[in-house]
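1. Following is a predicted model, sequence given first.
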Protein chains: 4
Amino acid sequence: MPLSEAQKEKMKQKRARILETAIVLFAEAGYEGTTIKQVAAKAGISFGSVFTYFETKETLFHAAVTEPLDHFSKKILDFDDASEKPLEELENMIGQHIETYASLSAYLNLVSYVISHHNLFPETFEELDAFHETLKGKVARLVENGQQKGVLLEQEIEHTVTGYTSLLMGLRLNLIDEPASDLWAKFIPIALQLFGPRYH
Amino acid sequence: MPLSEAQKEKMKQKRARILETAIVLFAEAGYEGTTIKQVAAKAGISFGSVFTYFETKETLFHAAVTEPLDHFSKKILDFDDASEKPLEELENMIGQHIETYASLSAYLNLVSYVISHHNLFPETFEELDAFHETLKGKVARLVENGQQKGVLLEQEIEHTVTGYTSLLMGLRLNLIDEPASDLWAKFIPIALQLFGPRYH
Amino acid sequence: MPLSEAQKEKMKQKRARILETAIVLFAEAGYEGTTIKQVAAKAGISFGSVFTYFETKETLFHAAVTEPLDHFSKKILDFDDASEKPLEELENMIGQHIETYASLSAYLNLVSYVISHHNLFPETFEELDAFHETLKGKVARLVENGQQKGVLLEQEIEHTVTGYTSLLMGLRLNLIDEPASDLWAKFIPIALQLFGPRYH
Amino acid sequence: MPLSEAQKEKMKQKRARILETAIVLFAEAGYEGTTIKQVAAKAGISFGSVFTYFETKETLFHAAVTEPLDHFSKKILDFDDASEKPLEELENMIGQHIETYASLSAYLNLVSYVISHHNLFPETFEELDAFHETLKGKVARLVENGQQKGVLLEQEIEHTVTGYTSLLMGLRLNLIDEPASDLWAKFIPIALQLFGPRYH
DNA sequence: TATGAATGAGGTTTCATTCAT
DNA sequence: TATGAATGAAACCTCATTCAT
């Protein structure tokens, strides 16, 4: 007797709830500092049920880190690196990035935790790193575009881009308890400076 | 029977060795992921001895995070915010900062771990935060100085400074396995851009 | 709505399949080492269904040990203790016993497990023991018959019989992976020696 | 500061006590049915301490099965397979074996458990099996000796010997709660029959 | 002071059993 | 009747801490 559609839907939601809870708790206390019992309690289910949805704690951790990447990357990669107006595009991109980073406090805290401890979670880190490379590549093309069109200062592209993603992660760390707010928007022009904008 | 000077010296060294080891291990694996046994083994002593020098694991952690701050802050705050040539001073400061951040991989990884998990270590975080505020204050004064002298773009000072320290932390995170090297120096001009330098 | 005959038959077969599987697994891994999930998987049904046929794991275990006894005892007790030719009868009996023991590897392994751990399964053991007593009684009568007719050495009957069933169980243990084969038949004359056969 | 001799001695005794307890409990309830907590309680120590002496439950089990083998094998292999009076030697050997098997109830129950479940404990079984082969080899030489001297019936030696060790194990199983007593001695002449003794 | 054996709380995970579908 | 998600007791094992030597 296969599960009914309604049941499947319910399970999907439960799984999502566990994952959300796990992201928050892993972000707050790290892998070892988080217990399955805590996750279960906060997700409102018995701790045994966590194992219905995730084989092991490790599996849960991996899923908590990598599954949101899809959604995240869509928002983060949504800009045109071949734009005719690269300066405007860059500014929009930065705005979108800042907004996204502002709104994903727990998740990005978790991401930086994995990066810091990449030796402990090599496979999980791998996926994050792959995305990071993709992001840097696309931003690099936009910067190159801007430099060629003369609206950005000619400086070493690769380092500029690394500096930019570093700034984003660093902001997320420094503004750790700062909810998404107008404050974040204030950093848009600052971040833009990094690229050496040239207005004519 | 009071301890001889030689004994005192030996104990001091042992304590220092434990602390160094603890920094590395706490940085690699976090608080819960690190065991006293590991620290003792890597420091080359019996695990019982760790408790001779540090009452509890928590004490050790706190010491590992806060004790290096003195040395660190000396290097980091060593610039003149009232300099007559603020742009040069800024550039030198950035160089010194980058160099310091490049050379303290494990320690700064640990610092960012504490910031990320500040709810778990409120008192330890407090001390880091106090230093961070001091640093931002002094950099802010230098920036103000530079803006007044017209060598820096007039932009919101507080956010500029937060952006700058964010960039430093972000770089440390992104270049996590990058040893101190020429590569790091490449980020000096990039970081400088953040402040909007104006050459005449 | 009463079940149709076909359904009843199907259920009977399913129950038998579970029991067979349980015998093999309990024999291989013991009571605690065997899980209902394993039994269900190997029997090709959902683990929930096992509980449709057997109330608890204990019930299943008891059934796995005792239900085959009927069939087993029929084969094992199939000899004539009042035979006119007790030596021939004895030899035939041994042959039949050896053959049966050879062919019921898993089941007899399970039986010896229950005997070994009789304190854990007192009621189950009771039934095995009752059968064992029956068997020993009947063999004892045949031996007595043989001794009276002068074709068996006059030796303590009870111990001879215990020795004989011990030998059977011991062989089953020692030849644990030996499938039913000619090899087993080689033990018939050896076993016969135990009774001190006297040929005239 | 190394441990004092007195401490070492104490630890040795504690280890032995754990092992003894483990033998009894593993024999009674099998591997899965025995808990470290039970072993610790019965040995009169905290359950954490068990892990000071044995890394894992598996290690403890292996030690419980194999360590007594040394002592056991000395008693069991103590006969002269080249004796000038093989029939007497055989009888003495049987007496010694029966006595030993009678006195080692728990341990031999454990041994038969391992044999029954050899797939679960392949390495542990290996050691038992090696000893069994040694024993069978030596008994076989004594039997050959006896057959050559005409005091034993000429029958297949290998199977005779396997029959004999099977009988011993089977007796241990059947007399599971029978303490060492005169009863056991009654089985000496029965066992002897297996070899077909010829008196002249 | 240095050592490491002893302790037991608490972690992850397994699994028999219940029960809604 | 058949299924398998939900539950929580209990297993093994780790580890901070204590304390005797």
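-> Here it is on my side, so go on. Numbers count the residues shown, from 1 in each chain, chains lettered A, B, ... in the order given.

2. Just the buried residues of the helix ranked longest in chain A, please?
-> Ranked by residue count and defined by DSSP state H, the top helix of chain A is helix A:5-33. For helix A:5-33, the neighbour count (16 or more other Cβ atoms under 10 Å in any protein chain shown) marks A:14-15, A:17-31, A:33 as buried. Placement of C-beta: from N, CA and C, glycine included.

3. One more: stretch A:129-142?
-> A:131-132, A:135-136, A:138-142.

4. on contacts alone, who are the packing partners of the longest helix of chain A?
-> For helix A:5-33, the contact count by 3 or more Cβ pairs under 8 Å, 6 or more residues apart in numbering or on different chains; DSSP states H and E identifies helix A:36-43, helix A:47-53, helix A:57-76, helix A:105-116, helix B:5-33 as packing neighbours.

5. Please name whichever of the ones you listed is nearest to DNA strand F.
-> helix A:47-53 (2.4 Å; Cβ to the nearest atom of the strand).

6. for the closest one, packing partners?
-> helix A:5-33, helix A:36-43.

7. Throw these into TSV and include distance to residue C:177 and mean pLDDT, thanks.
-> Output for those, formatted as TSV (distance: least, Cβ to Cβ, whole Å; pLDDT from 0 to 100):
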stretch	distance to residue C:177	mean pLDDT
helix A:5-33	44	94
helix A:36-43	41	97
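
8. Leaving out chain neighbours, which residue sits closest to residue A:198?
-> Take residue A:198 and drop its neighbours on the chain: the residue closest to it by Cβ to Cβ, 6 or more residues apart in numbering or on different chains is residue A:151, 5.4 Å away.

9. wait, that neighbour sits on residue A:195?
-> No - applying Cβ atoms under 8 Å as the test, residue A:151 and residue A:195 come out as separate, 9.3 Å apart.

10. more crowded one of those two?
-> residue A:195 (28 against 19; other Cβ atoms under 10 Å in any protein chain shown).

11. that older thread, just the buried residues of helix A:5-33 that are near DNA strand F?
-> Contacts with DNA strand F within the buried residues of helix A:5-33, as defined by Cβ under 7 Å from any atom of the strand: residue A:14.

12. Of the helices and strands packed on helix A:5-33, which is nearest residue D:176?
-> Across these, residue D:176 has its closest neighbour in helix A:47-53 (38.4 Å, Cβ to Cβ).

13. For that closest one, buried residues please.
-> Residues A:50, A:53 are the ones in helix A:47-53 that count as buried (16+ other Cβ under 10 Å).

14. Not counting it itself, show me its contacts.
-> By Cβ atoms under 8 Å, 6 or more residues apart in numbering or on different chains, the residues outside helix A:47-53 that reach it are A:11, A:14-15, A:18, A:36-37, A:39-41, A:43, A:60.

15. repeat that for 10 Å
-> A:11-12, A:14-19, A:21-22, A:35-41, A:43, A:45-46, A:56-57, A:59-60, A:63 (Cβ atoms under 10 Å, 6 or more residues apart in numbering or on different chains).

16. Now distance to residue D:89 too, for the helices and strands packed on helix A:5-33, in a markdown table please.
-> Listed next are these as a markdown table, based on distance: least, Cβ to Cβ, whole Å:
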| stretch | distance to residue D:89 |
| --- | --- |
| helix A:36-43 | 64 |
| helix A:47-53 | 62 |
| helix A:57-76 | 62 |
| helix A:105-116 | 73 |
| helix B:5-33 | 65 |
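
17. Please produce JSON lines containing the helices and strands packed on helix A:47-53, extended by distance to residue D:158.
-> Formatted as JSON lines, these follow (distance: least, Cβ to Cβ, whole Å):
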{"stretch": "helix A:5-33", "distance to residue D:158": "58"}
{"stretch": "helix A:36-43", "distance to residue D:158": "56"}
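
18. any residues in contact with both of residue A:151 and residue A:195?
-> A:86-87, A:90.

19. hmm, the longest helix of chain A touching DNA strand E?
-> Yes - applying Cβ under 7 Å from any atom of the strand, one finds helix A:5-33 in contact with DNA strand E at A:6-7.
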